[in-house]
Each structure stands twice: as C-alpha cells, then as structure tokens.
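1. quick check, what structure comes out for this input:
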Amino acid sequence: MRAGAPDVKTPSTPGGAGLSTLAGHFRWRICGLLFFVTTLIYLDRQVLGVLAPELQRVIGWNEIEYGNIVTAFQTAYALGLLLAGRFIDRAGTRVGYAIAIGLWTFATVGQSLARTVLVFAIARFFLGLAESPNFPAAIKTVAEWFPRRERALATGFFNSGANIGAIVAPITAPWIAVNFGWPWAFVAMAGIGVVWIVLWLSVYRRPEEHPRVSAAELNYIRSEPEEASVVIPWSKLIPHRETWAFMIAKLLTDPVWWFFLYWLPKFLNTRYGVSLTALGWPLVIVYTMSMAGSIAGGWLSARLLKRGWSLNAARKTAMLTCALTVLPILFAATAKNFWVCVALVGLATASHQGWSANLFTMASDLFPKRAVGSVVGIGGFGGAVGGMLIATFTGFVLQLTGNYLPMFIIAGSAYLLALAIVQILTPKLTPVKLDPTELGEPSRA
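-> Numbers count the residues shown, from 1 in each chain. Sure thing, here's the model as predicted:
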C-alpha cells in the first residue's frame, strides 16, 4: 500500500469474488490506452494490405516482391523482439513505450516517401523495428496493473484493438487514397501516434505511484505476492521448456494472422474481383468478428476460472475451442459464394484472436512479472520468424501457381499442432520457479 493511504480492507472471498466490485476501475483506463495504441499499430499494418492492389499498380511489384516487402517488415520485427522485451524490462513501461511509439511515428511517415519496391521494403524494415516493443510492453503493463484472474480478459480487451485497426483501415484508407493520395494514409497515422504519446506520458504511472488509484484498487491489484524488480537474462529463460512452449506456439500460429492481414484483400480482389473501394464491408465484417473472438477467448478462460476450474484446464480448454473453430477455414479458398467465404475467414480470425489472448496470458501465468516482457519478446520473435517464412512462401506459391488453397490448409491445421506441442512441453501449466542464480542475484546457501 502507498505511504499515507488509508487502511481500507476488502473482503476476502474465494477467487477474489467481490474484491473487484469494491475496488476502483482506473486499471481499465490504462488498458484503454493499450487498446488505443494496439488499434493504431494494426491500422498501419492493415493499410498496406488494403492498399496493396493499388500500390501494386502504382509501384509495379509482383507477388514475390510483395512477399519480400512483407518479409522485410517481419525480419526487422523479429530482430527487434530480440531486444524489445529486455528493453521494456529495463526502461520500464512508461518511458520505454513512449520511446517505441515515437520511433514508430517517424517510420510510418517514411512509408509515405517510398516510390520503388526497394525503398518501400526499407521503410517497412524500420517500421518493423519500431513496432517490436508493443506487445512486450502491453503484456508487462497488464502484469503490473491486473491480478492474474483478470489478465486474460484485459489482454483480450487490448488485443481486440488489432481488430478495430483492421476495421478502420478498409473504411478510411481507400477514401484517403482516392481523395488525397495514398501517402497521406500513412501520414495521418503518424499524427495519431503523437497524440497517443502525449496521453500515455500524461496518464501512466505504476499503480502504487498513481494518485488516481484508490487504496482498495491497489489492494486488489496487489492481491498476489509482490516480486522484486530484477531483469532476468535470456540465458536463464531459454532453457525452460515453458519458454519454448510459448515461442513455438507463436511460431506456428502468428503467421496465420499475418497471412490474413496482408493477403486477404488481395485474395478477395483476385478471386471475387472486389475493388479497392468495395473492400470495406467484407473486411469490416471479418475484423468485427475477430474483435468479438478476442474478447470471448479471454472471457471464456476467465469464466472457467471463476467456476473453479484449474488454471491449466481453463486456459487449454479455451485454446482448444479456438483451435477447433479455425478448422472450417479449409473450405474458404474454394467457396463459390463470396459471403460464405467472408464468414469462414471471419470465424478463423475470431478464433485466432481468442487463441492469442490466452496464449499471451500464458506468459504471465508461467513466469514472474519481472520476466514477462522478455518472455513475450522471445515468443514474439518466434512469431515474427514464422511471419517471415510464411510471407516468402506465400509470394512464391502465388507467383508460381496463383492458388491460395495451400495457404488455407496451413492456416486450418496450425493451431491444433501448436496446442499439442504446448501440452507436451507444459502439461500442467505449472509456474516457473526461478532460483536466485536465475534472477541474477547471489545465491544464499
């Protein structure tokens, strides 16, 4: 409790029921800022996918070159994640997040200056570096501001910003491109990034330092034992099979989301002849379903926990549900009816986001708060490497065959395979207990 705060006691009830009701809700405003910035970052990612048919006409790239542009971003994102989690652990969420989004705004403006395939690829490379700290910072913020019982729900909420960004992009980007020119779509996003930085620096403090957090809410947030603030070296995290479970799951399933983000507009344009200005509603439907899936995935595991399920059973049941509901995507590539295809893709993206909310939360389930940023960075690196591979592979497959079916088969099977590996490596989701030498502290023998 903060010095000078009144000694407010909250009832102790099973599973923390009742504590949340009596505590304040300022933590959800912090989560709202995470939602805002995640929306912005995914708006940027989706704008490239939405404008890809137009940029392909203006700049003149082919499928392999487009794949290489996406790969340039993914390569930088992967390299950035090698350092991003540790950077956030060291700099702290307030300062580290502000620096990251500041660099992001400059990189976003850089895209508007590109007029060749090479320059566009370079701009996307630097954008990937700048975006890499987002999820390590967001997950660490959730670990700082929410008790374990609420983390999946909070993660699902801010992660749904990815879908809002994907919804806004097909509505706004074509309109901006037609009326002002495509470069202004990127410039506008950079301006919004500056607004977020101002809000973040104005609002964010750690819970125990924040004047807007009541004693009751602080008690609720800190209803778990406090942990020392120590940066854990990667060399101490990599040997743990729980780290590998998280990273491999990201490696196998993140590429599915990247594929939809960058190739869905091109797929709809190629197979069904959907024009740039007509892409809006189909993509809005897909990513509205995704947003609902993100929140539902977090809600499901939280609901099961409240019913008395074990953490292991609740998380994995939610993940299995998501893995099974992705499977119908296998029929999307050959669907004759346009809206049936849209519905199948929407179900798959919703399932991915529900899966992702629980997978991210696994990191804070398994590791101490002080290790979460680094673990998420390691996992994000795996997901970015998978994104690199899928981008290059997709470019070659489409250039040589023009057939999207192999990509939809990969998308449908990835989640069950990932869950099987998670089960093998972490059969009980037992939290990792790091000894003093792993914490970088002297051993007290």
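
2. next SSE downstream of the helix or strand bottoming out on mean pLDDT in the chain?
-> Here the helix or strand of the chain ranked lowest by mean pLDDT, DSSP states H and E is helix 19-22, holding a mean of 50. Sequence order places helix 26-59 as the next helix or strand after helix 19-22, per DSSP states H and E.

3. helices or strands next to whichever helix or strand comes after that next one in the packing?
-> Once the chain leaves helix 26-59, the next helix or strand it forms, by DSSP H and E, is helix 63-91. Contacts defined by 3 or more CB pairs under 8 Å, 6 or more residues apart in numbering; DSSP states H and E place helix 63-91 against helix 93-111, helix 117-131, helix 134-145, helix 241-272, helix 369-400. C-beta: built from backbone N, CA, C; applies to glycine.

4. what sits closest to L359 if chain neighbours are left out?
-> A249 (5.6 Å; CB to CB, 6 or more residues apart in numbering).

5. I figured that neighbour hits I421, correct?
-> Yes. With contact defined as CB atoms under 8 Å, A249 counts as touching I421 (6.7 Å).

6. when these two are compared, which one has more neighbours?
-> Using other CB atoms under 10 Å as the criterion, A249 and I421 rank with A249 on top: 27 against 16.

7. ok so, going back, next up, the contacts around the residue nearest to L359.
-> Taking CB atoms under 8 Å, 6 or more residues apart in numbering, we find A249 in contact with 359, 379, 418-419, 421-422.

8. go on, L127?
-> 44, 73, 76, 104, 107-108, 110-111.

9. can you tell me which of these lies nearest to R149?
-> Using CB to CB, W104 is the member of these that sits closest to R149, with 32.0 Å.

10. which among the contacts of A249 gets closest to A91?
-> Nearest to A91 out of these is G379 (CB to CB; 19.7 Å).

11. tell me, how many residues neighbour that closest one?
-> G379 has 29 nearby residues by other CB under 10 Å.

12. for the nearest residue to E65 once chain neighbours are set aside, give its distance to G128.
-> Among residues not flanking E65 along the chain, V117 sits closest, at 5.1 Å (CB to CB, 6+ apart). Going from V117 to G128 by CB to CB, to the nearest Å gives 16 Å.

13. tell me which of these two has more neighbours.
-> Neighbour count, other CB under 10 Å: between V117 and G128, G128 has more, with 25 against 17.

14. coming back round to it: nearest to L153, out of the helices and strands packed on helix 63-91?
-> Nearest of the helices and strands packed on helix 63-91 (CB to CB): helix 134-145, 9.7 Å.

15. now the element after that closest one, going C-ward?
-> That would be, after helix 134-145 and using DSSP H and E, helix 148-159.

16. tell me which residues of that next one come out buried.
-> 148-159 (16 or more other CB atoms under 10 Å).

17. pick the most buried one from the helices and strands packed on helix 63-91.
-> Mean neighbour count (mean count of other CB atoms under 10 Å) peaks for helix 134-145 among those, with a mean of 27.

18. got the angle for it vs helix 148-159?
-> For helix 134-145 against helix 148-159, the angle by axes from the mean of the first three to the mean of the last three CA atoms, to 10 degrees is 150 degrees.

19. for W61, phi and psi?
-> Dihedral pair for W61: phi -80, psi 160, per degrees, to the nearest 10.

20. what separates it from A52, distance-wise?
-> From W61 to A52 the distance is 9 Å (CB to CB).
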